[in-house]
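Colleague: model this:
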Amino acid sequence: MRFHKLPLAAPPMLAALALALAPSGATAHKHPGSGDCRVSLYVAPRIISVGESATAFGKLTCPRPGGASNRVVRLFEHVHGTPGATLVASTTTDVNGNYEIEKAGGEITTNGYFLVRSHGARSASRPVRVEADVTLSGPPEGTQLFTGHPVTFTGTVDPTDVGAVVILQRQNALTGNEWHWIGRTEVVAGGAFTLTHVFRYPGDADIRVLVRSQGRNIPSPSNVLTYEISQAQNPALTIESSADPITFGGSAIIGGKLTAKASRGANQPVTLYARIAGQHFAAVAQSTTNSEGDYSFPAQSPSNSTFYRVKSPHRSSAVLYEGVRYLLTAQVSQTTVQAGMPLTFSGTITPDHTGGIVYLERKDARGPGYHVIQVATIGANSSYSIEHRFYDAGVKTVRVFVPGNPLNGAAPSAPFEIEVTPAPASALMPEAATNITLPAEGGSGGGAASGPESPSGGLEAEAPESGAPAGESGAEGHSEAPPSRPSHPVHR
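Modeller: So this is what the prediction gives:
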């Protein structure tokens, strides 16, 4: 088939494109010279990840009985950065004038818009916005990270967008939807980027990058990496956990070693102190070192992520952060569904997280990661329900994900395999604005290369203990910063 291009949009068409940014409830568009026929166009989903496809559908209406039946509909696509619009597909209407084009434009990688022509009529333009495929790699999740030590993150951006800004962000809100910038760089040749960051505060660390394209794609977040960050050890009195992180309902044994000259570390009393974000340390257990200076406390089963430290009569340990991940349940109403029909994902989150957020995520088309396709608010009794509609036929791999916050760590569900079957054109309805919602974009940090990092749970300022390395035993002289106010999901 020979491809044809339409000329660049004239100002009236640009106005139509601006109107198309609103939810797709517009009526059919009549183009001058089209007679009395009109043709409508809807495209869903209107936001996709690179490599995914969209479905175009609509209806041709003509005043003459049967005039809209078996008419050719031609689909044109405009791609950002290219002139005009190119013919990419065609189909014919059914007896009632309905039409449908699956995989409109093939695997889409760049922002653009679609329009159709049929029987002398032209539709309004319908934009499709595309997230880049952004991968973020760092130390393996579960690795114990320490304050004061540099951590390097690397990643890639597809499609390659040399010069695009890459913003390193850390989540810092009780709802799990507030991203603060802590560093930035740019995409280099090959679509790669590298960032190095030194964490200043113990606590949970949900880390991602946000790539701000140069018009090719919408602001695109990476996968989220989750870490637990503790203070660097005081060798005079170490502190360790048998399991870090744990899931709500689990337990861990806190232990370590008191080192002193002339065996003065033996048979010494030690006290375990604990606190959660927003509180002060309080004693929770006592023990005594053995003849080698080793100690341990009874198993601890905190409900929330907890800061621990141990004190002897003359020593104080560093602060150990014990992450406690949410316990997430998830189920889906059915695993086979017709395109455009609703599916419901539901479950509970423990401990109580009412008012927080939960993500529905879809597996990336070009990689092993997941990207957010819908953001929902957790309701009463810490339960959630997410209704979602898929418009492109095929098998979709999705999961539910609850992001972490200063009180509890992130948790993913097991993946669901959803088979989406084709639907007749007459059954497809315009996509609701709430069907695709994205996480908050967060701060960008202007032009600075690195940004301020707020303590996720805060550490009270304390004087260094005897025997502790300078700058590692106290609280770095910072008072607690309260968790940020929640941000609302972005409807695009």
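Colleague: Give the bridge partners for T55, please.
Modeller: A44 (DSSP bridges).
Colleague: Isn't it up against G394?
Modeller: No: here T55 lies out of contact with G394, judged by Cβ atoms under 8 Å, at a distance of 11.0 Å. For every residue, glycine as well, the C-beta is placed using N, CA and C.
Colleague: out of the two, which sits in the busier spot?
Modeller: Between T55 and G394, counted using other Cβ atoms under 10 Å, the more crowded position is T55 (24 against 14).
Colleague: Need the pLDDT of that one.
Modeller: Looking at T55, its pLDDT reads 96.
Colleague: Identify the residues contacting it.
Modeller: Going by Cβ atoms under 8 Å, 6 or more residues apart in numbering, T55 touches V43, A44, E100, I101, E102, K103, A104, A339, Y391, D392, L428.
Colleague: Which pair of the residues you listed spans the longest distance?
Modeller: K103 and L428 (14.4 Å; Cβ to Cβ).
Colleague: which of these two has more neighbours?
Modeller: Neighbours were counted for K103 and for L428 using other Cβ under 10 Å; L428 has more, 23 against 17.
Colleague: which residues sit against the host helix or strand of A376?
Modeller: A376 is part of strand 370-377 when elements are defined by DSSP states H and E. Strand 370-377 has contacts (Cβ under 8 Å, 6+ apart) with 45, 49, 131, 133, 177, 221, 223, 355-364, 384-386, 388, 398-399, 401, 434-439, 489-490.
Colleague: Just give the number of residues close to G163.
Modeller: The tally of other residues near G163 (other Cβ under 10 Å) stands at 9.
Colleague: and it, backbone torsions?
Modeller: Note on G163: its backbone torsions stand at phi 100, psi -10 [degrees, to the nearest 10].
Colleague: and what of A189?
Modeller: phi -50, psi 140.
Colleague: Tell me the confidence at it?
Modeller: Value for A189, per-residue pLDDT: 95.
Colleague: Please report how far it lies from V162.
Modeller: 6 Å (Cβ to Cβ, to the nearest Å).
Colleague: Tabulate the contacts of T55 in JSON lines, adding columns for pLDDT and distance to P269.
Modeller: Formatted as JSON lines, those follow (pLDDT from 0 to 100; distance: Cβ to Cβ, whole Å):
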{"residue": "V43", "pLDDT": "97", "distance to P269": "70"}
{"residue": "A44", "pLDDT": "97", "distance to P269": "66"}
{"residue": "E100", "pLDDT": "97", "distance to P269": "75"}
{"residue": "I101", "pLDDT": "97", "distance to P269": "76"}
{"residue": "E102", "pLDDT": "94", "distance to P269": "72"}
{"residue": "K103", "pLDDT": "91", "distance to P269": "70"}
{"residue": "A104", "pLDDT": "90", "distance to P269": "72"}
{"residue": "A339", "pLDDT": "97", "distance to P269": "67"}
{"residue": "Y391", "pLDDT": "96", "distance to P269": "66"}
{"residue": "D392", "pLDDT": "91", "distance to P269": "65"}
{"residue": "L428", "pLDDT": "96", "distance to P269": "72"}
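Colleague: ok, V211 - how many residues close by?
Modeller: The burial count for V211: 25, using other Cβ under 10 Å.
Colleague: got a list of what it touches?
Modeller: 132, 134, 157, 161, 164-167, 187, 217, 219-222.
Colleague: One more pass at 7 Å, please.
Modeller: A132, V134, V157, A164, V166, S220 (Cβ atoms under 7 Å, 6 or more residues apart in numbering).
Colleague: quick check: mean pLDDT across the helix or strand hosting it?
Modeller: Secondary-structure assignment from DSSP H and E places V211 in strand 203-212. Across strand 203-212, the average pLDDT comes to 92.
Colleague: those strands in the stretch 301-450 of the chain, which residues are they?
Modeller: Ranges of strands within the stretch 301-450 of the chain are 306-311, 320-322, 324-325, 327-328, 331-332, 336-338, 342-350, 357-363, 370-377, 383-389, 394-402, 411-412, 416-421, 437-438, based on DSSP state E, counting those that start in this stretch.
Colleague: residues making contact with the third one?
Modeller: Looking back up the chat, that one is strand 324-325. 245-248, 302-306, 408-411.
Colleague: at 10 Å what do you get?
Modeller: 204, 226, 228, 244-250, 252, 276, 301-306, 351, 402, 404, 407-412 (Cβ atoms under 10 Å, 6 or more residues apart in numbering).
Colleague: Please pick the buried ones from the residues you listed.
Modeller: 204, 226, 228, 244-248, 252, 276, 302, 304-306, 402, 404, 407-412 (16 or more other Cβ atoms under 10 Å).
Colleague: pretty sure F281 contacts S317?
Modeller: No: checked against Cβ atoms under 10 Å, the pair F281 and S317 is beyond contact range at 11.7 Å.
Colleague: Looking at the two, which is more packed in?
Modeller: More crowded of F281 and S317, by other Cβ under 10 Å: S317, with 28 against 17.
Colleague: From E322, how far off is R275?
Modeller: For R275 relative to E322 (Cβ to Cβ), the value is 11 Å.
Colleague: same deal with E77?
Modeller: According to Cβ to Cβ, E77 stands 52 Å off from E322.
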